[in-house]
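*Asks:* Just need the structure, nothing else, for what follows:
(one chain, ligands or ions: 2)
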Amino acid sequence: LDSFPGVTNGGKTTLANRLKKSLPNSSLICQDDYFKSEAEVETDERGFKMYDVLEALNMEDMMTAVHKCIKHPNEAETSNRMGKVFQRKSEDGIYFLIIEGFLLYSYKPLSSVFTRRYFLTVPYEECKKRRSSRVYVPPDPPGYFDGHVWPMYLKHKDEMEETEREIVKILPFYQRIINGSLS
Ligand SMILES: Nc1ncnc2c1ncn2[C@@H]1O[C@H](COP(=O)(O)OP(=O)(O)OP(=O)(O)O)[C@@H](O)[C@H]1O
Ligand SMILES: NC(=O)c1ccc[n+]([C@@H]2O[C@H](CO)[C@@H](O)[C@H]2O)c1
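*Replies:* Residues are numbered from 1 along each chain as shown. Ligands and ions are numbered 1, 2, ... in the order given. Here you go, the predicted model:
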């Protein structure tokens, strides 16, 4: 089980999709597919929808998908916002489950199942730039990145660094090399 936690717009989905294409018998689970509906996500005192906290996600549903995949790895298929990613099969009996998301280690039942962990990060300026060219549903309101997204990222990263020891940090320079060699 390989996991790719990391900052928003750090390239997790891009890298996970490329790995999935390269590895036979691999499945991919994306945490973004488990966001609650807009109406269910709480609003803070400034009127910001609190998407960057664990409570905004249906983590029990995500765990169900993870356990289903572990139990029946050859039946798992993948589709996410980048489209359907087909499973390349091989007969060697080795299966990979790739999990990517921005809050993987804040949910203990999930963090305990990983075999390998790779944390993807980009600096503040780069992250803000990439985020500004993305359109989420609902779109980020003015001030959302500095007021909610980045502070929540720093908070969760601090918590993760306190509890998780065996995590490999992949910096942008290496991400470019990995993405290049997988494309
Ligand atoms: N190695 C890279 N170098 C430069 N840009 C990249 C790289 N990897 C991804 N990107 C770009 O950054 C943006 C975010 O990528 P991606 O969707 O993979 O990130 P993410 O971490 O899954 O984001 P989120 O979880 O917030 O949806 C995209 O526009 C993508 O094209
Ligand atoms: N997918 C969604 O429902 C959604 C809605 C609004 C914001 N987001 C953002 O996704 C990022 C994680 O990939 C978080 O930073 C959320 O703000 C997602």
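
*Asks:* Quick check: Ile98 is in a strand.
*Replies:* Yes - counting by DSSP: H, G, I helix; E, B strand; the rest coil, Ile98 falls inside a strand.

*Asks:* Just the helices from this structure, written as ranges.
*Replies:* 12-22, 59-71, 108-111, 124-132, 144, 150-163, 172-182 (DSSP state H).

*Asks:* Reformat those helices as CSV; add distance to Asp33, mean neighbour count and mean pLDDT.
*Replies:* C-beta here means a position set from N, CA and C on the backbone, and glycine is covered the same way. Formatted as CSV, the helices of the chain follow (distance: least, Cβ to Cβ, whole Å; neighbours: other Cβ atoms under 10 Å; pLDDT from 0 to 100):
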stretch, distance to Asp33, mean neighbour count, mean pLDDT
helix 12-22, 11, 20, 91
helix 59-71, 8, 15, 93
helix 108-111, 14, 14, 87
helix 124-132, 19, 14, 97
helix 144, 21, 19, 98
helix 150-163, 19, 14, 91
helix 172-182, 22, 13, 68
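
*Asks:* now these as TSV including distance to ligand 2?
*Replies:* Below are these laid out as TSV (distance: least, Cβ to the nearest ligand atom, whole Å):
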stretch	distance to ligand 2
helix 12-22	8
helix 59-71	13
helix 108-111	15
helix 124-132	8
helix 144	8
helix 150-163	8
helix 172-182	16
